[in-house]
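Asker: build me a model from this:
(one chain, ligands or ions: 2)
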Amino acid sequence: MAQARKTIGLLFGGRSAEHEVSKLSAANVLRALDPDRYDIVPIGIGRDGRWLLCDGGNGGGRGARSLEIPEGAPQVALLPGGSGETIVLDRDRPPRTLRLDAVVPVLHGPNGEDGTVQGCLELANVPYVGSGVMGSAAGMDKDIAKRLLRDGGLPVVPFLTLTPRTRVAYRAAAEALGTADLFVKPANMGSSVGVSRAASAEEFDGACERAFRYDGKVLVERSVTGAREIECSVLEDAAGEVRASPLGEIVPSDSHGFYSYDAKYVDADGALLRIPADVPPALGRRIQELAVQTFKALACEALARVDFFLDPKSDDGLFVNEVNTLPGFTAISMYPKLWEAGGLPQDELMEVLIAHAIARHARRNALALV
Ligand SMILES: Nc1ncnc2c1ncn2[C@@H]1O[C@H](COP(=O)(O)OP(=O)(O)O)[C@@H](O)[C@H]1O
Ligand SMILES: [Mg+2]
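Answerer: Numbers count the residues shown, from 1 in each chain. Ligands and ions are numbered 1, 2, ... in the order given. Here you go, the predicted model:
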């Protein structure tokens, strides 16, 4: 029996530094959604936070490299308790409604990947792709994530957490972490925004200032400079089975020093993706196991990319660096590429994710309310 067509809301853009990357990811996700099965409603979140209905979903947007938010697009609002019912506020017409069967949030960073949008989708009682409020929030906050991972016995790079009230001087941080070579980063960010290396008091002060620009909480870590950066995609299906993809490696070019914002997005030759990563099979399996454990420790659901540091100079040099619960999904992004390498093309990957969203929603709605 043919399945009924579904209307899928594609949420993209967002109020974060990763707004532009999200537009690229969304165009790629749109291409991977089967037009014979889905009607796509692209909803762009402007930099001011408004949700706007963007036309050209199935037709116009399909060939585009990046989804755009047209000037003057009508505002939309998901109704709490409305099972996906969405009001469209056209400027010159009476309000109308449309119903979304599921939502695919393609948003990276704060206000999208951190549980805020997920909370909104929960209140709207609509199935959505990806981690729920808890997994999204835990994965976004590097301080909370690392404490949960440490508690779960997973290896993380030693770190300190600073707030404006608990700031320490370089010397104290270096002593506490046992090294002069430090990394400073905002707790809640992404795309390497606000991340810097600091190996002197002067560099440390500048690094803290940059990081505090983006968050009231900052991590100082021991630097594992020279470590390889290995990534693993994790996927949970509708039945709750969690599996890990083949591994990939990020090789930032020497000119960038580390995997900085420019190396990620500005310089086309800033970094190389090596798929599969060249690691011995037993170590590869260990990393895949750690990726699944990390996913579970942080209450992730559906998908996450787990990023590792592998220090070849040390026997115990394997660390979980971070998770990304809505990882980059552009045509050249690691998450979908790793699944392709694992034999799962992007259209099938989207089927698994949407099926997971619908099954989870049905399970939650079957729970007793009192
Ligand atoms: N402790 C560290 N030692 C060495 N390099 C680091 C360390 N932490 C971060 N980096 C470098 O900075 C990049 C961005 O840091 P990351 O913690 O992954 O934040 P983001 O969420 O912005 O990607 C990493 O990919 C890596 O190249
Ligand atoms: Mg990272």
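Asker: which residues of the chain lie near ligand 1?
Answerer: For the chain, the residues in contact with ligand 1 (C-beta under 6 Å from any ligand atom) are 157, 183, 185, 189-192, 195, 221, 223-225, 229, 258-259, 307, 321-322. From N, CA and C alone the C-beta is placed, and that goes for glycine too.
Asker: show the buried residues in these.
Answerer: Buried subset of these (neighbour count, 16 or more other C-beta atoms under 10 Å): 157, 183, 185, 189-192, 195, 221, 223-224, 229, 259, 307, 321-322.
Asker: and the least confident of these?
Answerer: Minimum pLDDT for those is recorded at Gly190 (80).
Asker: A strand includes that one, no?
Answerer: No - with DSSP: H, G, I helix; E, B strand; the rest coil as the criterion, Gly190 is located in coil rather than a strand.
Asker: okay, Ala17: pLDDT?
Answerer: At Ala17, pLDDT is 78.
Asker: so it makes contact with Asn111?
Answerer: No - contact between Ala17 and Asn111 fails when scored by C-beta atoms under 8 Å: they sit 10.4 Å apart.
Asker: spit out the residues that contact the two alike.
Answerer: The contact sets of Ala17 and Asn111 do not overlap (C-beta atoms under 8 Å, 6 or more residues apart in numbering).
Asker: quick one on the thing from earlier: show me the buried ones among the residues of the chain next to ligand 1 that map onto strands.
Answerer: Counting by DSSP state E, these place Phe183, Lys185, Glu221, Glu229, Asp307, Asn321, Glu322 in strands.
Asker: element containing His356, please.
Answerer: Using DSSP states H and E, His356 sits in helix 346-365.
Asker: next: Glu340.
Answerer: Under the criterion of DSSP H and E, Glu340 resides in helix 334-341.
Asker: pull out the buried residues from that helix.
Answerer: For helix 334-341, by 16+ other C-beta under 10 Å, it's Met334, Tyr335, Pro336, Lys337, Leu338, Trp339, Glu340.
Asker: please pull out the lowest mean pLDDT helix or strand from the chain.
Answerer: Scoring the helices and strands of the chain by mean pLDDT, DSSP states H and E places helix 261 at the bottom, with a mean of 86.
Asker: could you point out which element follows it?
Answerer: Scanning forward in sequence from helix 261 by DSSP H and E, the next helix or strand is strand 271-274.
Asker: which neighbouring elements make contact with the very next helix or strand once past that next one?
Answerer: Going down the chain from strand 271-274, the next helix or strand is helix 281-297, by DSSP H and E. Identification of packing neighbours for helix 281-297 by 3 or more C-beta pairs under 8 Å, 6 or more residues apart in numbering; DSSP states H and E yields helix 142-151, strand 228-236, strand 242-252, strand 303-310, strand 318-324.
Asker: quick check: the nearest residue to Lys337 once chain neighbours are set aside vs ligand 1, distance?
Answerer: Of all residues not flanking Lys337 in the chain, Ile275 sits nearest, at 5.8 Å (C-beta to C-beta, 6 or more residues apart in numbering). Separation of Ile275 from ligand 1 (C-beta to the nearest ligand atom, to the nearest Å) stands at 17 Å.
Asker: and Ile275, what's its pLDDT?
Answerer: On the pLDDT scale, Ile275 gets 97.
Asker: what number of residues lie near it?
Answerer: When neighbours are counted by other C-beta atoms under 10 Å, Ile275 registers 16.
Asker: ok, now Arg150?
Answerer: Neighbour tally, Arg150, other C-beta under 10 Å: 15.
Asker: quick check: closest non-adjacent residue to it.
Answerer: Going by C-beta to C-beta, 6+ apart, Arg150 has Val156 as its nearest residue, at 5.5 Å.
Asker: show me the contacts for the one you found.
Answerer: Counted by C-beta under 8 Å, 6+ apart, Val156 has contacts Lys146, Leu149, Arg150, Phe319, Val320, Asn321.
Asker: repeat that for Gly14.
Answerer: Neighbour list for Gly14: Ser22, Ile45, Leu107, His108, Gly109, Asn111, Gly112, Val117 [criterion: C-beta under 8 Å, 6+ apart].
Asker: state the distance from Lys142 to Asp307.
Answerer: Separation of Lys142 from Asp307 (C-beta to C-beta, to the nearest Å): 11 Å.
Asker: and the helix holding Glu340, what other elements does it pack with?
Answerer: Against helix 334-341 (3+ C-beta pairs under 8 Å, 6+ apart) you get strand 228-236, strand 242-252, strand 303-310, helix 346-365.
Asker: hmm, Ile250 and the residue nearest to Lys337 touching each other?
Answerer: No - applying C-beta under 8 Å as the test, Ile275 and Ile250 come out as separate, 10.3 Å apart.
Asker: mutual contacts of the two, please.
Answerer: With C-beta under 8 Å, 6+ apart as the test, Ile275 and Ile250 both reach Met334.
Asker: rewinding a little: what's the offset of the least confident helix or strand of the chain from the middle of its chain?
Answerer: 15 Å (C-alpha atoms, centre = their mean, to the nearest Å).
Asker: what's the answer for stretch 84-92, then?
Answerer: 28 Å.
Asker: avg pLDDT for it?
Answerer: 91.
Asker: can you check stretch 21-40 too?
Answerer: 93.
Asker: gap between the two ends of that stretch?
Answerer: End-to-end distance of stretch 21-40: 20 Å, with C-alpha to C-alpha, to the nearest Å as the criterion.
Asker: next, the buried residues of it.
Answerer: Within stretch 21-40, the residues that qualify as buried are 21-33, 37-38, 40, counting by 16+ other C-beta under 10 Å.
Asker: grab the most central residue of this protein for me.
Answerer: Taking C-alpha atoms, centre = their mean, the centroid of the chain lies closest to Leu326, which sits 2.7 Å from it.
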